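Participant: Can you look at this prediction? I've put the sequence above it.
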Amino acid sequence: MKWKERVGLAMAVSVVLLTSVLVLDIRYASSGGRAEQTDAGFILPALRHGTARQKEGRQFQRQFLDKQPAVKEPENPVIPSRTATVNNEELELGVVASNATLNDDDPAAQHSNNEQGSKVDVVRDLLKGKRSQSTNDETYKNAEDDGDLDHLKSQFKDLMKYISPAELSRPVKGNLRELDVTVQRLRNVSLSDDATSWEKFHVSISKEELYHEDDPMIDELLQDMATLEFYNISQKEGGTQLKLVIEFAPGGMAMLKPMRFPREQETLPNHFYFTDYERHNAEIAAFHLDRIMGFRRAPPVVGRLVNMTTELYALATGELLRTFFISPAQNLCFHGKCSYYCDTGHAICGHPDQMEASLAAFLPDKEFVPRKTWRHPWRRSYHKRKKAQWEEDDQYCDQVRQLPPYNEGRRLVDLIDLAIFDFLAGNMDRHHYETLSLFGNQTFPIHLDQGRAFGRAKHDEMSILAPLYQCCLVRRTTLATLLRFHHGPFRLSTLMRKSLARDPLDPILAAGHFVAMDRRVAITLRVIRHCLSRHEADQVIVGLADWKDRFSHTGS
Ligand SMILES: Nc1ncnc2c1ncn2[C@@H]1O[C@H](COP(=O)(O)OP(=O)(O)OP(=O)(O)O)[C@@H](O)[C@H]1O
Ligand SMILES: [Mn+2]
């Protein structure tokens, strides 16, 4: 035998021996624990169950798991859009584009647009009254940083006559008449002394809001979700992207959305609103925004740094478990099973096994408090070439106003609140909404699923405001809130920064989003002003007559 052949033979023998050792190790492990095959190979059960074999297991995965046979092709390749221009088509606007004749010198209006010459540019110019001058972020510095509050106050003076000056300095009290109509009352339940924060949350939900302003129970719930030990995890059925249902030992559940990308990564330019990734930080920020706006219609959400080894892998079973693997960079990853982005090419990976996530408090069980799902009248087409009717018909709102439940009561104006909330957050993904059927139809829509908000800080998606500019309808209290955000001294960006600072994963948003929110407040106010230039104030501002009555009596 030649020297080269001998070396070759020796190497072949050692490969065979090494493989047998590996196989034996796995067999051994599987007799004690539950070795499971993943898409990318085997993972030692030691990782899954407790700490005894954990160190050894980690060493094993470091050494070998990335050397397993090549991973499968992604099961679910995402088909990219063919042309970038389709995006602009989606952004076409109706009534604002054709009618806007607004003009003011709000520096916040001078926003940039990456898509030169798009239809959105046209709308922006119309709203602005002249071509945007600046593409520089400096333009949108917070006013309080500049000591420039007087300048802000000089704007929208025309809108000030619909609110009282006191409403600029503190959150407005909505006209919440039925705060005492609660789950507790309608279901006739009482709480035990050792009730969990979830139980307290559930029974206190009212016909008007999910939780009461300043209720300390919400902080308790956030704290619990951020710190309590996970007891069980499973994949959330339904929905398009991966979500986990977390159960905590004392009872109580949360919906987990994992972090996929750093905060700075924006919606990919070729992604539609319906192919965009969900962002855990968007869920967190949207909860804070909803609360700051005084709606309290979004379930509480908190950020948490999750240990994937001990908190996820150790508890995963079945199909979910089989999707865990170690990446070539030695990070622990998994992808779960769902219809979008649940494959090896779009796996969620830790550093090496630490992962940020958002945890949203579960609403009460549907058996206990049933919910009704409604199709949103301003739903987008969710198709890369088709448009929805409202995108082409400026009179669309006239039809909606005829239909129950939009023909009477609060629902239509609630959807306009929701549109303003979504516009501030940049969320285009509002296809359905839910209400608690226990409370009938005259109750709020729950603000659920904000995972696709905060995707583009420099882009203002005007079409999100379609319910506002097509119906020309807004609650007086929402107008007061927007004016307060605009005038300061605590502008929306300041309030958001302060509120988000309490989250364990702060900073939650990249800086550009704070600038964007202040800018969008001003844009929304200009749209309302535009409506007021075309319609009687009583027709536009809901609750104006009531307030005038009260104001003339009390003077406050
Ligand atoms: N906090 C919650 N408590 C109870 N159920 C919830 C909660 N959040 C969401 N759900 C339910 O789970 C469903 C899916 O959640 P979500 O909409 O956030 O995920 P998604 O993947 O974005 O779904 P989709 O792709 O359908 O938009 C919701 O329609 C809702 O019925
Ligand atoms: Mn969604």
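Facilitator: Looks like it arrived, so ask away. Ligands and ions are numbered 1, 2, ... in the order given.

Participant: who in this structure is up against ligand 1?
Facilitator: 238-241, 243, 255, 278, 299, 360-363, 448-449, 451 (Cβ under 6 Å from any ligand atom). (C-beta placed from N, C-alpha, C; glycine too.)

Participant: Tell me which residues touch residue 319, please.
Facilitator: 235, 337 (Cβ atoms under 8 Å, 6 or more residues apart in numbering).

Participant: Pick out the residue nearest the middle of the chain.
Facilitator: residue 450 (2.4 Å; Cα atoms, centre = their mean).

Participant: secondary structure element for that residue?
Facilitator: Residue 450 belongs to no helix or strand when elements are defined using DSSP states H and E.

Participant: got a list of what the closest residue in space to it that isn't next to it in sequence touches?
Facilitator: Counting by Cβ to Cβ, 6 or more residues apart in numbering, the nearest residue to residue 450 once its immediate chain neighbours are dropped is residue 286, at 3.3 Å. Contact partners of residue 286, counting by Cβ under 8 Å, 6+ apart, are 298, 301, 421, 425, 427, 447, 450, 453, 454.

Participant: Now do the same for the helix or strand residue 286 falls within: mean pLDDT, whole number.
Facilitator: Using DSSP H and E, residue 286 maps to helix 280-292. For helix 280-292, the mean per-residue pLDDT is 98.

Participant: What segments of the stretch 251-400 of the chain are strands?
Facilitator: Along the stretch 251-400 of the chain, counting by DSSP state E, counting those that start in this stretch, strands occupy 253-258, 301-307, 325-326, 332-334, 348-349, 354-361, 371-375.

Participant: can you put those in JSON lines and add mean pLDDT and mean neighbour count?
Facilitator: Shown next, in JSON lines, are those (pLDDT from 0 to 100; neighbours: other Cβ atoms under 10 Å):
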{"stretch": "strand 253-258", "mean pLDDT": "98", "mean neighbour count": "24"}
{"stretch": "strand 301-307", "mean pLDDT": "98", "mean neighbour count": "22"}
{"stretch": "strand 325-326", "mean pLDDT": "97", "mean neighbour count": "26"}
{"stretch": "strand 332-334", "mean pLDDT": "98", "mean neighbour count": "25"}
{"stretch": "strand 348-349", "mean pLDDT": "96", "mean neighbour count": "22"}
{"stretch": "strand 354-361", "mean pLDDT": "98", "mean neighbour count": "24"}
{"stretch": "strand 371-375", "mean pLDDT": "98", "mean neighbour count": "12"}
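
Participant: right, so of these, which gets closest to residue 407?
Facilitator: In terms of Cβ to Cβ, the element of those nearest to residue 407 is strand 371-375, at 14.1 Å.

Participant: which residues are contacting the closest one?
Facilitator: Contacts for strand 371-375 (Cβ under 8 Å, 6+ apart): 363, 431, 432, 433, 434, 435, 436, 437, 445, 446.

Participant: how about CSV for these, with pLDDT added?
Facilitator: Supplementary listing: these in CSV, determined by pLDDT from 0 to 100:
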residue, pLDDT
363, 98
431, 96
432, 96
433, 98
434, 98
435, 98
436, 98
437, 97
445, 98
446, 98
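
Participant: Now restrict those residues to buried residues only.
Facilitator: 363, 433, 434, 435, 436, 445, 446 (16 or more other Cβ atoms under 10 Å).

Participant: who touches the second one in this structure?
Facilitator: Shown in contact with residue 433 (Cβ under 8 Å, 6+ apart): 373, 374, 376, 415, 418, 445, 446, 448.

Participant: So which of those sit within helices?
Facilitator: 415, 418 (DSSP state H).

Participant: quick check, nearest of the contacts of residue 433 to residue 148?
Facilitator: The closest of those, once distances to residue 148 are taken by Cβ to Cβ, is residue 418, at 31.2 Å.

Participant: My read is that residue 478 contacts residue 417, right?
Facilitator: Yes: assessed by Cβ atoms under 8 Å, residue 478 is found in contact with residue 417 at 5.6 Å.

Participant: Overlap in contacts, those two.
Facilitator: When contacts are counted by Cβ under 8 Å, 6+ apart, residue 478 and residue 417 have residue 293 as shared neighbours.

Participant: As a check, name the ranges of all strands in this structure.
Facilitator: Per DSSP state E, the chain carries strands over the ranges 36-38, 41-43, 230-235, 244-248, 253-258, 301-307, 325-326, 332-334, 348-349, 354-361, 371-375, 432-436, 474-475, 541-542.

Participant: counting contacts, what elements does the fifth one pack onto?
Facilitator: Same thing as strand 253-258. strand 244-248, helix 280-292, strand 354-361 (3 or more Cβ pairs under 8 Å, 6 or more residues apart in numbering; DSSP states H and E).

Participant: how about the first one: buried residues?
Facilitator: Buried residues in strand 244-248, defined by neighbour count with 16+ other Cβ under 10 Å: 244, 246, 247, 248.

Participant: For the first one, give the beta-bridge partners.
Facilitator: Looking back up the chat, that one is residue 244. Beta-bridge partners for residue 244, by DSSP bridges, are residue 235, residue 256.

Participant: Break the protein into its domains for me.
Facilitator: 22-70, 183-361 (automatic domain parsing).

Participant: which of these is buried the deepest?
Facilitator: Among the domains of the chain, domain 183-361 has the highest mean neighbour count (mean count of other Cβ atoms under 10 Å), at a mean of 19.

Participant: Now whatever residue of the stretch 301-450 of the chain ends up closest to ligand 1. Nearest residue, chain neighbours left out?
Facilitator: Closest to ligand 1 within the stretch 301-450 of the chain is residue 449: 3.2 Å, counting by Cβ to the nearest ligand atom. For residue 449, ignoring the flanking residues on the chain, the nearest one in space by Cβ to Cβ, 6+ apart is residue 429 at 7.1 Å.

Participant: need the contact list for that neighbour.
Facilitator: So residue 429 contacts 273, 274, 276, 449, 451, 452, 453 (Cβ under 8 Å, 6+ apart).

Participant: 7 Å instead, please
Facilitator: 273, 274, 452 (Cβ atoms under 7 Å, 6 or more residues apart in numbering).

Participant: which residues touch the last one?
Facilitator: Translated: residue 452. 273, 276, 278, 282, 427, 428, 429.

Participant: now the second one
Facilitator: Applying Cβ under 7 Å, 6+ apart to residue 274 gives the contacts 382, 429.

Participant: Check the first one too.
Facilitator: Contact partners of residue 273, counting by Cβ under 7 Å, 6+ apart, are 380, 428, 429, 452.

Participant: how does it look with 8 Å?
Facilitator: Taking Cβ under 8 Å, 6+ apart, one finds 90, 380, 428, 429, 452 in contact with residue 273.

Participant: Please apply the same query to residue 173.
Facilitator: Applying Cβ under 8 Å, 6+ apart, the residues contacting residue 173 are residue 477.

Participant: how about 10 Å then?
Facilitator: By Cβ atoms under 10 Å, 6 or more residues apart in numbering, the contact set of residue 173 is 167, 213, 294, 477.

Participant: Could you tell me the phi and psi values at the closest residue to the last one other than its chain neighbours?
Facilitator: Once its chain neighbours are removed from consideration, residue 477 has its nearest residue in residue 172; the separation is 4.6 Å (Cβ to Cβ, 6+ apart). Geometry field for residue 172 lists phi and psi as phi -70, psi 150, criterion degrees, to the nearest 10.
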